[in-house]
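**Student:** Have a look at this fold, sequence not included:
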């Protein structure tokens, strides 16, 4: 059913970004149609992928991804597959250069555009510039999130790892590098975020995602409220 359809498969998420805590965490993959055609877009591609995978594996539709709930399948582990179509964002309208992103819809049918490859590239560069302290801070925040439980919930969902990682990405490199230790760098990063929200709320509300293209806060289905994010930072700071 997918024969002749041009697509790419690549990794995203904590395993690929090296911010995961457990070796048994899910593998996150993107299955991206690279040439949507009239009459064959995201909905048709998603339905075809669901049909093809469903012939061999136990598959269910999650909030955004197809969950392959079969430990014996594919890579021998649980796999989440984000079905998407290619999205091209042109920083300069009319120019030839573009950033390649992904388009998909969530369970409620809301359109989302994201840039996972840029997210990974920028995170790797940040980690090099901070001598490994950025990703160490992300892992520390995730461990603290496990302890925070209900105090870190947003609309009934545990504070997303993506939100936490993007927040810590926006902390200046000098804050990480000047700390006495990796654990001190994590605390200093949270303190910087708390001060920025308190003293310069406009700057805090304008923080970008780690991909450098999307805005972290706003009304979109993949955005959050600055006040809720500040509350999460406060809880993490206390843990």
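**Tutor:** Thanks, I have the structure now. Source: prediction; values computed, not measured.

**Student:** Could you tell me the end-to-end distance of stretch 148-157?
**Tutor:** Length of stretch 148-157, first residue to last, CA to CA, to the nearest Å: 12 Å.

**Student:** Buried residues, it. List them.
**Tutor:** With burial defined by 16 or more other CB atoms under 10 Å, the residues of stretch 148-157 counted as buried are 148, 152. In this view, the C-beta of every residue, glycine as well, is placed from N, C-alpha and C.

**Student:** State the mean pLDDT of it.
**Tutor:** The pLDDT scores in stretch 148-157 average 75.

**Student:** Same question for stretch 212-219.
**Tutor:** 97.

**Student:** Not counting that stretch itself, show me its contacts.
**Tutor:** 89, 99, 101, 113-115, 118, 122, 163, 166-167, 170, 205-209, 222-226, 229 (CB atoms under 8 Å, 6 or more residues apart in numbering).

**Student:** so how many other residues sit close to residue 222?
**Tutor:** 19 (other CB atoms under 10 Å).

**Student:** That one is in contact with residue 114, isn't it?
**Tutor:** Yes: in this structure, residue 222 is within contact of residue 114 by CB atoms under 8 Å, at 6.5 Å.

**Student:** picking that back up, can you pick out the ones from the contacts of stretch 212-219 that are in strands?
**Tutor:** 89, 99, 101, 113, 114 (DSSP state E).

**Student:** Looking at neighbours, which among those residues is most surrounded?
**Tutor:** In those, the most neighbours by other CB under 10 Å go to residue 114, 23 neighbours.
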